[in-house]
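*Asks:* sequence unknown, structure follows:
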């Protein structure tokens, strides 16, 4: 694997950087969910108008038709400009869109994919339930077939941006007669359908983008089923492969900048002993060195994963290695930041400031839960990558 970029790729990087600098929104992203949606869809439309939406998506769906390596370069420059790695468009761009491209019928693709790229529709994910999170196959939300419709009853939880979403990638159980992995169906749910109730959940850092969603005789046309009735587990694994493989690339790049910022801070500010620069503390220096080494390893893993994904239609289980490594590193880095900055971290952010150091620390715990817990990732790696016995 060659980690160096070609001259053409470096030229492309310069082009990306120039466009981002010239077109970056001048105002800060709001912290309320409705404001986030307005900001995010406007920025997505700017990218569409500039020809930068869906760089690696096929041209037939409105994308740029470029390579995953060029997409990686975009993510790297995007993160360097301080853009959020996860926004209201995340599920549509990183989950639903790629899943529809590989598993949906042509009518579904034609209706949804360009809307996602243009920022005209926001998606949320209806996978997790109160008793079916990491053990997703235990989901209980039911869907009965009535004529040409599914009639859905049940509950989903931890559904990001459900209060402002237009569509949902929804997993329901249509058959309970076999094993828990069978009889699951993946469907496109219009969030304006009668019978849907959404309740926001306030998180520890003050955000309210997580939600509970309740379904009471919600009718979804069978034409909205993706991959066929009862084949939802296979479709869902495609969705989660994208999430764990390529979707968090921008976050992985962003953490590298955080580590370098912490190293600079440790050189210029007094450390925990109150006498010397933080970098002079042996333990702080050791942890910073480990963090920088981890960033380098994560970068190499990301590049390797991108190169592998260029040879296949859907990411494989190796994405779980990236997800696991990044999640644990995010928590370690957030804790290290508070140890270096000390009480000043409380002055630069508050419970209501998710962009500050304390907000980042609180949020870091979710990285090893959302998208499948670190324990689940270890099981996937052991089973599907290493071939260990169950």
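*Replies:* Okay, I see it. Predicted, not measured: the structure shown is a model, and the values here were computed from it. Numbering: from 1, shown residues only.

*Asks:* going forward, measure contacts between C-alpha atoms and count neighbours the same way
*Replies:* OK.

*Asks:* show me the shaky parts of the stretch 201-350 of the chain.
*Replies:* Residue ranges of the stretch 201-350 of the chain with pLDDT under 70: 204-205, 239-249, 307-316, 347-350.

*Asks:* any chance you could map the helices in it?
*Replies:* 232-245, 249-268, 282-309, 319-341, 344-348 (DSSP state H, counting those that start in this stretch).

*Asks:* tell me which of these lies nearest to residue 41.
*Replies:* helix 249-268 (18.0 Å; CA to CA).

*Asks:* centre of the chain to that closest one, how far?
*Replies:* Its chain's average C-alpha position is 20 Å from that of helix 249-268, according to CA atoms, centre = their mean, to the nearest Å.

*Asks:* which SS class is residue 199?
*Replies:* Classification of residue 199 by DSSP: H, G, I helix; E, B strand; the rest coil places it in strand.

*Asks:* count of residues packed around it?
*Replies:* Applying other CA atoms under 10 Å, we find 16 residues neighbouring residue 199.

*Asks:* tell me, which strand in this structure spans the most residues?
*Replies:* When the chain is parsed with DSSP state E, its longest strand is strand 210-221.

*Asks:* could you chop the protein up by domain?
*Replies:* 7-121, 124-230, 248-385 (automatic domain parsing).

*Asks:* redo these as JSON lines? Include distance to residue 237.
*Replies:* Formatted as JSON lines, the domains of the chain follow (distance: least, CA to CA, whole Å):
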{"stretch": "domain 7-121", "distance to residue 237": "9"}
{"stretch": "domain 124-230", "distance to residue 237": "10"}
{"stretch": "domain 248-385", "distance to residue 237": "9"}
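
*Asks:* looking at those, which is buried most?
*Replies:* Among those, ranked by average contacts under mean count of other CA atoms under 10 Å, first place goes to domain 124-230 (a mean of 20).

*Asks:* for that one, measure first residue to last.
*Replies:* With CA to CA, to the nearest Å as the measure, domain 124-230 spans 21 Å from end to end.

*Asks:* now the helices: where do they sit in the stretch 1-150 of the chain?
*Replies:* Using DSSP H, counting those that start in this stretch, the helices of the stretch 1-150 of the chain run over residues 7-23, 33-50, 68-80, 90, 97-103, 106-118.

*Asks:* now the first one, how far from the centre of its chain.
*Replies:* This points to helix 7-23. Using CA atoms, centre = their mean, the offset of helix 7-23 from its chain centre is 24 Å.

*Asks:* repeat that for the third one.
*Replies:* Between the mean C-alpha location of helix 68-80 and the chain-wide mean there is a distance of 15 Å, by CA atoms, centre = their mean.

*Asks:* residues contacting the nearest residue to residue 52 once chain neighbours are set aside?
*Replies:* The shortest distance from residue 52 to any non-neighbouring residue, by CA to CA, 6 or more residues apart in numbering, is to residue 64 (7.1 Å). Taking CA atoms under 8 Å, 6 or more residues apart in numbering, we find residue 64 in contact with 51, 52, 53, 54, 55, 56, 57, 58.

*Asks:* can you redo the helices of the stretch 201-350 of the chain as JSON lines with distance to residue 370?
*Replies:* Output for these, formatted as JSON lines (distance: least, CA to CA, whole Å):
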{"stretch": "helix 232-245", "distance to residue 370": "10"}
{"stretch": "helix 249-268", "distance to residue 370": "14"}
{"stretch": "helix 282-309", "distance to residue 370": "19"}
{"stretch": "helix 319-341", "distance to residue 370": "9"}
{"stretch": "helix 344-348", "distance to residue 370": "25"}
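
*Asks:* out of these, the one nearest residue 68 is which?
*Replies:* helix 282-309 (6.4 Å).

*Asks:* what angle do that closest one and helix 319-341 make?
*Replies:* 160 degrees (axes from the mean of the first three to the mean of the last three CA atoms, to 10 degrees).

*Asks:* got the angle for helix 282-309 vs helix 68-80?
*Replies:* 150 degrees.

*Asks:* so which elements touch helix 282-309?
*Replies:* Helices and strands touching helix 282-309, as assessed by 3 or more CA pairs under 8 Å, 6 or more residues apart in numbering; DSSP states H and E, comprise helix 68-80, helix 249-268, helix 319-341.

*Asks:* nearest approach to residue 145 belongs to which of the ones you listed?
*Replies:* helix 319-341 (34.4 Å).

*Asks:* now residue 181. Its backbone dihedrals?
*Replies:* Note on residue 181: its backbone torsions stand at phi -80, psi -10 [degrees, to the nearest 10].

*Asks:* is it true that it touches residue 135?
*Replies:* No: using CA atoms under 8 Å, residue 181 makes no contact with residue 135, being 10.3 Å away.

*Asks:* which of the helices and strands packed on helix 282-309 sits closest to residue 209?
*Replies:* Nearest of the helices and strands packed on helix 282-309 (CA to CA): helix 249-268, 18.2 Å.

*Asks:* quick one: end-to-end distance for stretch 305-321.
*Replies:* One end of stretch 305-321 to the other measures 10 Å (CA to CA).

*Asks:* one step back: from the contacts of residue 64, which has minimum pLDDT?
*Replies:* Among the contacts of residue 64, residue 56 has the lowest pLDDT, at 87.

*Asks:* redo the contacts of residue 64 as CSV? Include distance to residue 175.
*Replies:* Shown next, in CSV, are those (distance: CA to CA, whole Å):
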residue, distance to residue 175
51, 44
52, 42
53, 38
54, 36
55, 39
56, 36
57, 34
58, 35
